[in-house]
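S.K.: sequence first, predicted coordinates after that:
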Amino acid sequence: MNNENPVFHILERVPFFKGLNEESTNLIVNKITLEYYPADHLLFSQGDKGDTMYIIKKGQVKIFQGPKDDKDEQIVLATLADNSFFGEMALVSEKPRNASAITLEESEIFILKKDDFYSLINNNSSLAEQISSEFIHRIRENMRNENYKENE
């Protein structure tokens, strides 16, 4: 089984993969590829169509809003390192990216493409049910949080 693969354990922390059984998680792990990026490589820009989830095996990535070339105008949202993941909402949302991502050093990053993700779901009803259930749970949780904020 792939549960020796470090990606397996990282996927268990991704909110809408968290509740998946081992077999379903392994199906996803098998669709993930490892890419190598140099320092200062722009992975995606704010406003781009999202089609990929990223998991950092080794390296650092800065998530920011604002122009790539003017660091004074950037708002840094996060600096992510080994075993961090980002871009997971691109797998289930049609919304454009709300931030940009750039490598800060040479990085090894696992990627899961939206097309591969949908291929898995379309060919595996059990996986589709598990992910749908987890996604609905997340939507309800987000709605509760929004209602709580409005009532404060």
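M.R.: That came in fine, so what should we check first? Numbers count the residues shown, from 1 in each chain.
S.K.: I'd like to know how far the spatially most central residue of the chain sits from M143.
M.R.: With distances taken as Cα atoms, centre = their mean, the residue of the chain nearest its centroid is E88 (2.6 Å). To M143, E88 is 19 Å away according to Cβ to Cβ, to the nearest Å. Bear in mind the C-beta positions are built from the backbone N, C-alpha and C, glycine included.
S.K.: wait, doesn't the residue nearest to the centre of the chain sit right on T52?
M.R.: No. If you go by Cβ atoms under 8 Å, E88 and T52 don't touch, sitting 9.8 Å apart.
S.K.: common neighbours of these two, please.
M.R.: Taking Cβ atoms under 8 Å, 6 or more residues apart in numbering as the contact rule, E88 and T52 touch no residue in common.
S.K.: poorly predicted segments of this protein, please.
M.R.: Applying pLDDT under 70 to the predicted model, the residue ranges of the chain that meet it are 1-3, 16, 138, 142, 145-152.
S.K.: for E73, what are its contacts?
M.R.: With contacts taken as Cβ under 8 Å, 6+ apart, E73 has the following neighbours: G66, P67.
S.K.: ok so, going back, now the residue nearest to the centre of the chain, nearest residue through space, not along the chain?
M.R.: Spatial nearest neighbour of E88, chain neighbours left out: M53 (4.7 Å); criterion: Cβ to Cβ, 6 or more residues apart in numbering.
S.K.: I56 too?
M.R.: Using Cβ to Cβ, 6+ apart, the nearest residue to I56 is S84, at 5.0 Å.
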